[in-house]
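Participant: here is a sequence together with a model predicted from it:
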There are 2 protein chains.
Amino acid sequence: MAAPPTSGGPPRTDADDLGSLRALVEQARAGRPRAVGRLISLVEDGAPQLPALMAELAPTSGRAHVVGLTGSPGVGKSTTTTALVQALRARGQVVGVLAIDPSSPFTGGALLGDRVRMQDHALDRGVFIRSMATRGHLGGLSAAAPAALRVLDAAGCDVVLVETVGVGQSEVEVSACADTTCVLLAPGTGDAIQVAKAGILEVGDVFVVNKADRDGVQAVVRDLRTMLSMGAPAAPDAWRPPVVRTVASRGEGIEELLEAVTAHAESQRAGGGWARRRRRRAREEIEALALARVRADFRRSAGPRLDELAAAVSEGEQDPYQAAADLLAGR
Amino acid sequence: MAAPPTSGGPPRTDADDLGSLRALVEQARAGRPRAVGRLISLVEDGAPQLPALMAELAPTSGRAHVVGLTGSPGVGKSTTTTALVQALRARGQVVGVLAIDPSSPFTGGALLGDRVRMQDHALDRGVFIRSMATRGHLGGLSAAAPAALRVLDAAGCDVVLVETVGVGQSEVEVSACADTTCVLLAPGTGDAIQVAKAGILEVGDVFVVNKADRDGVQAVVRDLRTMLSMGAPAAPDAWRPPVVRTVASRGEGIEELLEAVTAHAESQRAGGGWARRRRRRAREEIEALALARVRADFRRSAGPRLDELAAAVSEGEQDPYQAAADLLAGR
């Protein structure tokens, strides 16, 4: 969509739009937080410039190590994220944070006052913090998250931490964005079983038992090890997910966690898992975008037909499978 | 897919399959729990008989009042569901329970021992309890949940309670299955704000503050009322979501909750909202099924092409939007 003409000047053209997009990308590459923020907003809004933006970013994508942090609400994901940011900054790394967890203090904007803890980092040029709300975005999180990662990558991030809540399907999909997925648990929440039930045991590359100063930490670690050992026997050179204990609020165990995360990346790069995972990620992203286009086409061109079919199905005159087949056949 | 031939007999034909499907549907209509269970398993597995099953069920669908219960883990969704089942059975109603919440004691099968509470009901012919795991199901929950509802409807359920966890996108979509959505909160969890952040304030028809014997119940009710009043001003005859206090573990407030749920249904039926919502539900179901077919086609026929495109995107040689366009164009 072209911007409205400014008074006294000629209307802006597509070339201008592309020019200003390129300028924005250049500023993001120079690490300017405002430009990074504006580009992620384009992603979040599903802006019409998105394809052009992705084309601009493609050649320089894929440098950052993407680390996912997932777990139930209350296990301390945000505190761990904060502690990891500090540790990474101390090593001189440029860090991005993408919070997709709706219960995260980094998410939710005006409703929440406790972004305070991250405010020091917000003033630090080596840290980019961004929460994402993707309700209504075509293609959902599975399309938006990789696009936002590309922006953070272009901004020079060495590591991007992606915080998601570990319940529900869409969040598990998001964990597929990560090169390394850390699954967080805490004592006293019956949590190891929840993790197994939610199917996130399989996606964990590193397990973190946070709040390890609390009662019951032994039991959580033991349950976790038992469940991990019940999985399929791994090849001798396969990565074995370590269990790291942390007290993130005091920074305890964070260096060990960072070492485990780094060791996982090295093992993956050495074994070919890194490239394999990134191709799978790209495949899912392409598929999500293609399906989003099909869905947009349904809504644009097949809207009235879809309404007719929906009325017939809700009246019991037609079954939904036949209706779906009719919709696809354009009947 | 045809079943393998049994020894000594002729191979089974599609007509036999359809015959046995019809027999199963007849048994489900007669309220036989085993038949209901087997049909929902077909739904859960995305079985090839699904379209035929939906065609069989279409004419008799849509009778049951679908009541969604959603909220964060720990607010007492399962306890409330149990209490509602008891109250509805006392009224002579046939009740279905569909648990989609991965943290629900009704879900998760062998991993969990505490289905105990529902076991009395499991022996009661007027109650059908079913948990659903839909990982990997084509079309996901948005396709599987309405199909399972049709089965429970055919089994003669007057009311179906759908329990989902109130975090994440897919679960919010599931709440779109319901005629009446109950959003549960509990004191002491900062929960009203979480509800607002997760975007489930908008989907609530009835709000339930459970564990109302605990400290802080006043604050939760007050916060909730404040946030509800901040919404867009409603039309004079619009439904105003009531706030009901319960102590579900002792059955307190459950009659009031049931009255609020029934009042909502009556108001919707009177005002046309009922049919409107069901058409929207059908539209989403048809769309999800159509997209699932497109996705299955991608995987079947475009698999190798998708792999090529994914390799190009992960190497930065192509951007994902162009790749998606190429995939759709069959190039």
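Facilitator: Good, I have the coordinates. Predicted model only: the values in this text are computed from it and were never measured.
Participant: which parts of chain A are strands?
Facilitator: Here chain A has its strands, by DSSP state E, at A:65-71, A:95-99, A:127-131, A:159-165, A:180-185, A:206-209, A:243-245.
Participant: elements contacting the shortest one?
Facilitator: The contact analysis (3 or more Cβ pairs under 8 Å, 6 or more residues apart in numbering or on different chains; DSSP states H and E) places strand A:243-245 against strand A:206-209, helix A:217-229, helix A:254-271. The C-beta positions use only the backbone N, C-alpha and C, and glycine is treated the same way.
Participant: how about JSON lines for those, with distance to chain B added?
Facilitator: Below are these laid out as JSON lines (distance: least, Cβ to the nearest Cβ, whole Å):
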{"stretch": "strand A:206-209", "distance to chain B": "17"}
{"stretch": "helix A:217-229", "distance to chain B": "9"}
{"stretch": "helix A:254-271", "distance to chain B": "14"}
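Participant: how about the ones you listed in CSV, adding mean pLDDT?
Facilitator: As requested, the helices and strands packed on strand A:243-245 are exported to CSV (pLDDT from 0 to 100):
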stretch, mean pLDDT
strand A:206-209, 94
helix A:217-229, 86
helix A:254-271, 96
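Participant: tell me which of these is the most buried.
Facilitator: Mean neighbours per residue, mean count of other Cβ atoms under 10 Å in any protein chain shown, is largest over the helices and strands packed on strand A:243-245 for strand A:206-209, with a mean of 26.
Participant: chain center to that strand: distance?
Facilitator: Relative to the centre of its chain, strand A:206-209 is centred 18 Å away, using Cα atoms, centre = their mean, to the nearest Å.
Participant: same question, stretch A:31-49
Facilitator: With Cα atoms, centre = their mean, you get 15 Å for stretch A:31-49.
Participant: quick one: low-confidence parts of chain A?
Facilitator: A:1-16, A:73, A:101-125, A:133-143, A:165-175, A:189-200, A:231-234, A:236, A:331 (pLDDT under 70).
Participant: per-domain residue ranges of it.
Facilitator: Split into domains by automatic domain parsing, chain A comes to A:61-271, A:288-329.
Participant: need these in CSV (columns: distance to B:Q322).
Facilitator: Listed next are the domains of chain A as CSV, based on distance: least, Cβ to Cβ, whole Å:
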stretch, distance to B:Q322
domain A:61-271, 13
domain A:288-329, 10
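Participant: so where do the helices sit in the stretch 101-250 of chain A?
Facilitator: If DSSP state H, counting those that start in this stretch is used as the criterion, the helices of the stretch 101-250 of chain A fall at A:116-122, A:140-154, A:169-175, A:191-197, A:217-229.
Participant: for the lengthiest helix in chain A, packing partners?
Facilitator: Ranked by residue count and defined by DSSP state H, the top helix of chain A is helix A:273-301. Counting contacts by 3+ Cβ pairs under 8 Å, 6+ apart, helix A:273-301 is packed against helix A:140-154, helix A:254-271, helix B:273-301, helix B:303-314, helix B:320-329.
Participant: out of the strands of chain A, the one nearest B:P33 is which?
Facilitator: strand A:159-165 (34.7 Å; Cβ to Cβ).
Participant: that closest one: partners in the sheet, and parallel or antiparallel?
Facilitator: Strand A:159-165 has the following strand partners under DSSP bridges: strand A:65-71 (parallel), strand A:95-99 (parallel).
Participant: could the ones you listed go into TSV alongside mean neighbour count?
Facilitator: As requested, the strands paired with strand A:159-165 are exported to TSV (neighbours: other Cβ atoms under 10 Å in any protein chain shown):
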stretch	mean neighbour count
strand A:65-71	27
strand A:95-99	27
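Participant: could you dump those strands into a markdown table with distance to B:G330 added?
Facilitator: A markdown table is the format used below for the strands paired with strand A:159-165 (distance: least, Cβ to Cβ, whole Å):
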| stretch | distance to B:G330 |
| --- | --- |
| strand A:65-71 | 31 |
| strand A:95-99 | 34 |
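Participant: B:V66: which of these is closest?
Facilitator: strand A:65-71 (30.7 Å).
Participant: just the angle between that closest one and helix A:140-154, please?
Facilitator: Strand A:65-71 and helix A:140-154 are oriented at 140 degrees to each other (axes from the mean of the first three to the mean of the last three Cα atoms, to 10 degrees).
Participant: tell me which of the helices and strands packed on helix A:273-301 sits most buried.
Facilitator: helix A:140-154 (a mean of 25).
Participant: and it, how far out from the chain's middle?
Facilitator: 7 Å.
Participant: and for stretch A:53-65?
Facilitator: Stretch A:53-65 sits 16 Å away from the centroid of its parent chain (Cα atoms, centre = their mean).
Participant: buried residues, it. List them.
Facilitator: Across stretch A:53-65, burial judged by 16 or more other Cβ atoms under 10 Å in any protein chain shown covers A:L53, A:M54, A:A55, A:E56, A:L57, A:A58, A:S61, A:G62, A:A64, A:H65.
Participant: quick one: contacts for the second one?
Facilitator: A:M54 makes contacts with A:A147, A:R150, B:D319, B:P320, B:Y321, B:Q322, as judged by Cβ atoms under 8 Å, 6 or more residues apart in numbering or on different chains.
Participant: could you find the closest non-adjacent residue to it?
Facilitator: Distances taken as Cβ to Cβ, 6 or more residues apart in numbering or on different chains place B:D319 nearest to A:M54, at 4.1 Å, with adjacent residues excluded.
Participant: what are the phi and psi angles of that neighbour?
Facilitator: For B:D319, the backbone dihedrals (degrees, to the nearest 10) come out as phi -100, psi 160.
Participant: what's near enough to touch it?
Facilitator: So B:D319 contacts A:P51, A:M54, A:A55, A:L57, A:A58, B:V313 (Cβ under 8 Å, 6+ apart).
Participant: now swap in A:A186 and tell me
Facilitator: Applying Cβ under 8 Å, 6+ apart, the residues near A:A186 are A:G71, A:G74, A:V75, A:G76, A:V209, A:N210, A:K211, A:R214, A:V220.
Participant: mind checking the backbone torsions on it?
Facilitator: phi -140, psi 150.
Participant: next: A:D215.
Facilitator: Per degrees, to the nearest 10, the backbone of A:D215 is at phi -60, psi 150.
Participant: number of nearby residues for it?
Facilitator: Neighbour count for A:D215, taken as other Cβ atoms under 10 Å in any protein chain shown: 9.
Participant: which ones are touching it?
Facilitator: Counting by Cβ under 8 Å, 6+ apart, A:D215 touches A:P187, A:G188.
Participant: relative to chain B, how far out is it?
Facilitator: Per Cβ to the nearest Cβ, to the nearest Å, A:D215 is found 19 Å from chain B.
Participant: ok, A:L184 next?
Facilitator: 15 Å.
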